[in-house]
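Enquirer: Sequence plus predicted model, see below.
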Amino acid sequence: QVQLVESGGDLVQAGGSLRLSCVASTRTFANFAMGWFRQAPGKEREFVGTINWRGTSSYTADSVKGRFTVSRDNAKNTVYLQMNSLKPDDTAVYYCAAGPHLSALASEYDYWGQGTQVTVAS
């Protein structure tokens, strides 16, 4: 069983930055690809970004490309989501997830965190 705990969510002004963290409670963290998803009120869960187990390959959704970056530190069992130039449309609960490979599909992730709220004020 893998437990994931996100942190770093906050209220921020448009144009600001936040860095989300997700810590995994497993000795096999380096075996997992990690993903970030978000869900706004009344909307479906949306893919944000993903990174492979070594941290050598990653990609983000078109809606956040050039603004958000996914990275990881396997020594700390942590994956990060650096969010810059935030917009009100980025307001959502952000979730991290662990799975066997890079994917933009939520169904391909086996473990999920409880989420952290990001609110961007205009």
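Expert: Now that the structure is in, tell me what you want to look at.
Enquirer: ok, now which ones touch the most centrally placed residue in the chain?
Expert: Among the residues of the chain, Trp36 comes closest to the average C-alpha position under C-alpha atoms, centre = their mean, at 2.7 Å. Residues near Trp36 by C-beta atoms under 8 Å, 6 or more residues apart in numbering: 20, 22, 48-50, 70, 79, 81, 94-97. Quick note: C-beta positions are derived from backbone N, CA and C, even for glycine.
Enquirer: Now those in CSV, please, with extra columns for pLDDT.
Expert: Shown next, in CSV, are these (pLDDT from 0 to 100):
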residue, pLDDT
Leu20, 98
Cys22, 98
Val48, 98
Gly49, 98
Thr50, 98
Val70, 98
Val79, 98
Leu81, 98
Tyr94, 98
Tyr95, 98
Cys96, 98
Ala97, 98
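Enquirer: Could you dump those residues into CSV with secondary structure added?
Expert: As requested, those are exported to CSV (DSSP: H, G, I helix; E, B strand; the rest coil):
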residue, secondary structure
Leu20, strand
Cys22, strand
Val48, strand
Gly49, strand
Thr50, strand
Val70, strand
Val79, strand
Leu81, strand
Tyr94, strand
Tyr95, strand
Cys96, strand
Ala97, strand
